[in-house]
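Asker: Using only what follows, build the 3D model:
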Amino acid sequence: MRRLPLAQLSTLVRLMKVVDPLIVRVLSRDRRQGARALVARLRMRAARVLREQARIESLYAIERDRRGAGFEVIAGVDEAGVAPLAGPVVAAAVILPEHVDLPGLDDSKRLDAGERAALYEGIRRTAFAIGTGIATVEEIDRINILQATRLAHRRAVAGLGIRPHLVMLDGRIPADVPVTQLVIIDGDATCASIAAASIVAKVTRDRVMAGFAERYPGYGFAVHKGYSTKAHREAIARLGLTPIHRRSFVHLEQQLIPIG
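Answerer: Numbering: from 1, shown residues only. Take a look at the predicted model:
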């Protein structure tokens, strides 16, 4: 290997899916400056892999601990769409098997659309059960966003089709369900089933908003998903409100336009 041109070695390193310690040892004996740079690159890649493996392992720590305490069926719950000016709030509940392979699993906010879509399909294939719950714009305006979010949570848990022994939620407020609960701040970044629920909720809501974009052209719902972006506020001022705008939220946005 030490006789190979550096260009070929670089291509080999780039194509390697797993860092081979033997190749690292061989290259480390190569005195060429380019070879030393390749060794440094391989060691950095190996360190990233180890950090990611440790992160993924830590995501399952809470569930392992709770299963050890007797809670065999654990559902993670999270929601998407609390803050937007338009569209529903969507919650998801996910029960993952004890042993599941979901590389890259993370809080949906830390992932791009492609990563979320791939993980969404992986979750659908591997999850023991998935439930989704939607609270409509009318419900948000009538009972307020906090209660509407709790309503979406309840519908998501009911949608599982089975009663979990424990529900784990992201945030600070428990769900309105008659099940033992564990509320975890930043749970979508620290707990596997909550992270999975955050992805299911986000992807589901994004697809709902893409459908609204076709029904109400000109607002950009497929892009901003109903959030209070400059483009969205300008569209409201130009075109007025649609049936999917949250009247209570738009009023809070300094009454962007009269509502009559």
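Asker: The longest helix seen in the chain: how far from the chain's middle?
Answerer: Identified as the longest helix of the chain according to DSSP state H is helix 33-59. Chain-centre distance of helix 33-59: 25 Å, with C-alpha atoms, centre = their mean, to the nearest Å.
Asker: and the following helix or strand past that helix, average pLDDT?
Answerer: Next in sequence after helix 33-59, counting helices and strands by DSSP states H and E, comes helix 61-68. For helix 61-68, mean pLDDT is 95.
Asker: so what secondary structure elements neighbour the next helix or strand after helix 61-68?
Answerer: Note on helix 61-68: by DSSP H and E, the next helix or strand toward the C-terminus is strand 74-80. Packing partners of strand 74-80 (3 or more C-beta pairs under 8 Å, 6 or more residues apart in numbering; DSSP states H and E): helix 61-68, strand 89-95, helix 145-158, strand 166-170, helix 187-190, helix 192-215. Glycine gets a C-beta too; all of them are placed from N, C-alpha and C.
Asker: Tell me which of those approaches residue 128 most closely.
Answerer: Closest to residue 128 of the helices and strands packed on strand 74-80 is strand 89-95 (C-beta to C-beta; 4.4 Å).
Asker: got the angle for the closest one vs strand 74-80?
Answerer: 160 degrees (axes from the mean of the first three to the mean of the last three C-alpha atoms, to 10 degrees).
Asker: Would you mind listing the buried residues in strand 89-95?
Answerer: Residues of strand 89-95 classed as buried: 89, 90, 91, 92, 93, 94, 95 (neighbour count, 16 or more other C-beta atoms under 10 Å).
Asker: For it, name the packing helices and strands.
Answerer: Strand 89-95 sits against strand 74-80, strand 129-135, helix 145-158, helix 192-215, with contacts defined as 3+ C-beta pairs under 8 Å, 6+ apart.
Asker: With distance to residue 103, mean neighbour count and mean pLDDT as extra columns, can I get the ones you listed in TSV?
Answerer: Conversion of the helices and strands packed on strand 89-95 to TSV gives the following (distance: least, C-beta to C-beta, whole Å; neighbours: other C-beta atoms under 10 Å; pLDDT from 0 to 100):
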stretch	distance to residue 103	mean neighbour count	mean pLDDT
strand 74-80	18	30	98
strand 129-135	19	22	98
helix 145-158	25	21	97
helix 192-215	12	23	98
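Asker: mind checking which of these is nearest residue 119?
Answerer: It is, among the helices and strands packed on strand 89-95 and with distance given as C-beta to C-beta, helix 192-215, at 5.2 Å.
Asker: Extract the CA atoms of the helix or strand following the closest one and return them as CSV.
Answerer: For helix 192-215, the succeeding helix or strand toward the C-terminus, using DSSP H and E, is helix 221-224. Extracted as CSV, the C-alpha positions of helix 221-224 are listed here (Å, rounded to 0.1, in the frame of the first residue of the first chain):
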residue,chain,number,x,y,z
PHE,A,221,-46.9,27.2,3.0
ALA,A,222,-44.7,24.5,1.5
VAL,A,223,-41.7,26.6,2.4
HIS,A,224,-42.3,28.2,5.7
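Asker: Which positions in helix 221-224 come out as buried?
Answerer: 221, 224.
Asker: So which elements touch that helix?
Answerer: Where contact means 3+ C-beta pairs under 8 Å, 6+ apart, helix 221-224 is packed against helix 192-215, helix 230-239.
Asker: Include distance to residue 57 when you put these into JSON lines, please.
Answerer: Shown next, in JSON lines, are those (distance: least, C-beta to C-beta, whole Å):
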{"stretch": "helix 192-215", "distance to residue 57": "10"}
{"stretch": "helix 230-239", "distance to residue 57": "40"}
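Asker: which one of these lies closest to residue 153?
Answerer: The nearest among those, by C-beta to C-beta, is helix 192-215 at 9.9 Å.
Asker: I'm done for today, thanks for sticking with me.
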